[in-house]
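Participant: Provide a 3D model corresponding to the input given below.
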Amino acid sequence: MDITIRRLMTIEEYAAAEQLQQDCWQSGPIEALPTHLLVTLQNESGLVLGAFTPPGRLIGFVLGFLGREGDRLKHCSHMAAVHPDYRNQDIAYQLKMAQRAVILHSGLDLCTWTYDPLQCPNAILNIAKLGAISRVYKRNIYGEMHDGLNAALPTDRLYVRWEVQSPRVRHCAETGRRVDAPVADLLVTT
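Facilitator: Numbering: from 1, shown residues only. From the prediction side, this is the model:
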């Protein structure tokens with residue numbers, strides 16, 4: 001699919017990202033990051049990238065912000081979404097690779113996030129396609145959520161480290177191929 005990935009720029013695009021959250025997580029407006037917060041993130045050392053169809057429809061986005069790990073600066077990727085009608089077309093992968101390019105351009109080499117270990121497509125993307133690793137399992141990290149995907153479930157998550165210059169990640173980025181390694185090398189829980 002022919003898409004363009006770039007920073008969101010207009011209020012209408014940010015509003016579309018707010019609506020896309022509701023579409024992807026089956027939620028109401030109260031659970032979605034509002035337009036004004038998305039704009040603020042973009043303008044204050046954050047990053048909100050969108051995937052747009054040729055007519056200019058927002059079909060996916062990724063957002064993150066600057067964080068710390070001790071004295072080390074890092075990028076904290078908080079949310080990524082692709083509209084249900086456009087899934088399984090590598091759009092999430094393209095969004096994450098664009099995010100990686102911005103991270104590298106910013107002089108950073110680490111990105112972290114969490115994901116639901118019960119969501120197999122996310123595991124394949126994060127560990128196999130992107131080359132990220134996880135050694136930390138966090139129990140009920142966000143407490144109770146009220147969207148259609150998470151309602152009445154504990155928010156257990158794997159905490160992901162994406163060392164964007166590591167051989168694993170460079171392999172994925174440069175070849176577009178998955179990491180072929182024993183499962184024990186990919187995921188170690190502590």
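
Participant: what segments of this structure are helices?
Facilitator: 11-25, 35-43, 91-105, 120-123, 167-175, 183-186 (DSSP state H).

Participant: export those helices to a markdown table and tack on distance to residue 75 and mean neighbour count?
Facilitator: For glycine as for every other residue, the C-beta is placed from the backbone atoms N, C-alpha and C. A markdown table is the format used below for these (distance: least, CB to CB, whole Å; neighbours: other CB atoms under 10 Å):
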| stretch | distance to residue 75 | mean neighbour count |
| --- | --- | --- |
| helix 11-25 | 18 | 18 |
| helix 35-43 | 12 | 16 |
| helix 91-105 | 5 | 19 |
| helix 120-123 | 18 | 14 |
| helix 167-175 | 13 | 15 |
| helix 183-186 | 21 | 10 |
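
Participant: how about these, which one is nearest residue 64?
Facilitator: With CB to CB as the measure, helix 91-105 is the member of these nearest residue 64 (6.7 Å).

Participant: for residue 38, which non-adjacent residue is closest in space?
Facilitator: In space, not counting the residues next to it along the chain, residue 38 is nearest to residue 14; the distance is 4.6 Å by CB to CB, 6 or more residues apart in numbering.

Participant: contacting residues around the one you found?
Facilitator: Residues counted as contacts of residue 14 (CB atoms under 8 Å, 6 or more residues apart in numbering) are 8, 35, 38, 39, 42, 48.

Participant: quick one, grab the pLDDT at it.
Facilitator: On the pLDDT scale, residue 14 is placed at 96.

Participant: for residue 40, same thing?
Facilitator: 95.

Participant: ok, it - contacts?
Facilitator: Residue 40 touches residue 46, counting by CB under 8 Å, 6+ apart.

Participant: residue 115: neighbouring residues, count only.
Facilitator: By the criterion of other CB atoms under 10 Å, residue 115 has 20 neighbours.

Participant: and for residue 71?
Facilitator: Residue 71 has 5 neighbours, counted by other CB under 10 Å.

Participant: repeat for the one 4 residues further on
Facilitator: Neighbour count for residue 75, taken as other CB under 10 Å: 26.
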